[in-house]
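**Student:** what would the 3D arrangement of this be:
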Amino acid sequence: MATKTTKTAAKTTKPAEKKVEKFDIAKLSLVKKVTFGYFGDPAGYEESLYVTEDGQEVLYTNGGKDSKYSKESFTTSKSAIAAFKKANA
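**Tutor:** Residues are numbered from 1 along each chain as shown. Below is the predicted model of the structure:
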């Protein structure tokens, strides 16, 4: 009698990014803004680092439908902010 063996792939998970629904941009101080592409470019996007009145850093991203940021997002993830700072020093 043959036995059936089943292989399962190890599942890798990334640490959950700390996402925040919305911030009032009018109440934030812009530290640095980087844009890629041109306004209306489906692959274009922007990354903006802000700081709140109490010193919390917030990374805002938004872009065209074909960009890596096709949906508007705010994050306070330390790793995302550190990557932005390193890439745009």
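**Student:** who's in contact with residue 42?
**Tutor:** If you count contacts by CB atoms under 8 Å, 6 or more residues apart in numbering, residue 42 has them with 64, 65, 66, 67. For every residue, glycine as well, the C-beta is placed using N, CA and C.
**Student:** now residue 88, nearest residue through space, not along the chain?
**Tutor:** residue 34 (5.3 Å; CB to CB, 6 or more residues apart in numbering).
**Student:** doesn't residue 45 make contact with that neighbour?
**Tutor:** No - using CB atoms under 8 Å, residue 34 makes no contact with residue 45, being 9.2 Å away.
**Student:** and the two? which has more neighbours close in?
**Tutor:** Set residue 34 next to residue 45 and count neighbours by other CB atoms under 10 Å: residue 45 wins out with 18 against 12.
**Student:** what pLDDT is listed against the more buried one?
**Tutor:** In the predicted model, residue 45 carries a pLDDT score of 97.
**Student:** in the sheet, who's paired with it?
**Tutor:** Following DSSP bridges, residue 45 is listed with bridge partners residue 36, residue 63.
**Student:** so how far is residue 56 from it?
**Tutor:** 23 Å (CB to CB, to the nearest Å).
**Student:** quick one on the thing from earlier: the contacts of residue 42: which two are farthest apart?
**Tutor:** Using CB to CB, the pair of the contacts of residue 42 lying farthest apart is 65 and 67, separated by 7.3 Å.
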